[in-house]
Every structure is written in C-alpha cells, then in structure tokens.
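Asks: Okay, structure incoming, though there's no sequence with it:
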C-alpha cells in the first residue's frame, strides 16, 4: 500500500545528514528498527523508491527519517536534500529484519546507525537501555550523526571510532578484531550490525570467530 505524506519539519544534523519529519498516515505501524520504501511525490521521481529507516517511535504522531545525502550524483538523496516543508513523500508499508531481540551490542557504520536510533529511543522510554552498547564507526568527527544524543543517552556505553582522523573523545581506526576484543567481554549476548555491506560481512565473520553465535548476530540481509 502507498501513502502520501507531507513534510512537516526538516532539521540539519551534520554537513550531509538531515532529519525529516512527515505526517503519519492513519493506522500506520512499524517496529523500531524497521524501514520503508520512500519516493518523492514529484512526476519525475515518483517511481524512484529507496529504503529508509524510521527514527521516530511507533507511538509518535509523526514519522521521522534521518537521511544522508550524496551530492556527487543527482539521485534520490540529493533530491531529498532540496525538499522544503510542505513537499510530499510517498511511503510503502514497513518492513525489515532488524529488531530488538535482547540486550547486546549495536555496531554501526555511518548512516547504518539509523535502525538503532528508534531502538535506542524505545529502550530508553521503557527503562531497558542499561547494558546495551553502541559502537559507531565514521570517517571523521563531522560525520557522527546525533553524537550528543548518544553520549547523553548511553554514556560510557557509546564508543565512537574514526577512520580518517584522531579527535578527543573518539577512538581512531576501524571496528576490527582488536577493537572488539578490547570492548566486548561477553560473546553470548546479541549483536546488531548495520552499515556498508563489506563492513557488515567482515564484522559478522569476526564476531563468529570470537565466539558469537551466528543466530545472535542480526543484520539486514
């Protein structure tokens, strides 16, 4: 089913990431971590659907997305970046494999953090956030989406790591075997991995080598 929703608020989060708030269709539902296909309601873009994750909570009276735009080619995200309040999006029903199955470690690369935003918000609302960790990998500190929110909400359970620069409060490097050995004490817990395909594959394989059960590693297939 397709729904047409009007943009009601747009906020700039980083140099290339915006938060879009849209009207919520009557009866629309999703689970934290899920996504939907989104298109822009303009003649030349209506058929160009792309998957984006909800960053609002199911009980909110609006839908929200955090979307990174890629200005190097004239694609959907570049067009989204040009939209203004009052423009419309076309949404499908919700779908997705990433949902919370129990306490564990969230591992994200770049815009791959978006499924975890709603899950973390939801756990905070329920008072169940304690003991969950977020490892967030980016190229530079200006790429870190919602850094202050994660620091405030997760405290020491939030670890930011930067590949291309050294900065105070951030580790430097990649989420590799050495990083995981340093930061993970328990491999019997759940792991949630989202980011670029090669990163997800490498981290999932490393987690298994370190003792994590394949069934306890959740990622979008």
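Replies: Received, thanks. Source: prediction; values computed, not measured. Numbering: from 1, shown residues only.
Asks: Now do stretch 150-160: everything it contacts.
Replies: In this structure, residues lying in contact with stretch 150-160 by C-beta atoms under 8 Å, 6 or more residues apart in numbering are 120, 124, 129, 131-136, 138, 141, 144, 147, 169-171, 183. C-beta coordinates here come from the backbone N, C-alpha and C atoms, glycine included.
Asks: buried set for it?
Replies: 150, 153, 154, 157, 158, 159, 160 (16 or more other C-beta atoms under 10 Å).
Asks: ok, back up a step: is it possible to mark the buried ones in the contacts of stretch 150-160?
Replies: Judged by neighbour count, with 16+ other C-beta under 10 Å as the criterion, the buried members of the contacts of stretch 150-160 are 120, 129, 132-136, 138, 141, 144, 147, 170-171, 183.
Asks: what's the closest of those to residue 215?
Replies: Set against residue 215, the nearest of these by C-beta to C-beta is residue 132 (18.6 Å).
Asks: give me every residue that touches the spatially closest residue to the closest one that is not a sequence neighbour.
Replies: Closest residue to residue 132 in three dimensions, ignoring its sequence neighbours and counting by C-beta to C-beta, 6 or more residues apart in numbering: residue 103, at 5.7 Å. Taking C-beta under 8 Å, 6+ apart as the definition of contact, the neighbours of residue 103 are 131, 132, 189, 190.
Asks: so residue 76 touches residue 45, yeah?
Replies: Yes. Taking contact to mean C-beta atoms under 8 Å, the distance of 6.9 Å between residue 76 and residue 45 places them in contact.
Asks: Would you mind splitting the protein into its domains for me?
Replies: Taking automatic domain parsing as the domain assignment, the record places the domains of the chain at 3-91, 104-218.
Asks: Now do the longest one: distance from first to last residue.
Replies: Distances were taken as C-alpha to C-alpha, to the nearest Å; on that basis the terminal residues of domain 104-218 are 11 Å apart.
Asks: what distance separates that domain from the centre of its chain?
Replies: Centroid separation between domain 104-218 and its chain, computed with C-alpha atoms, centre = their mean, to the nearest Å, is 11 Å.
Asks: Same question for the shortest one.
Replies: On the basis of C-alpha atoms, centre = their mean, domain 3-91 is displaced by 13 Å from the centre of the chain it belongs to.
Asks: what's the first-to-last distance across that domain?
Replies: Its start and end residues considered, domain 3-91 measures 5 Å (C-alpha to C-alpha).
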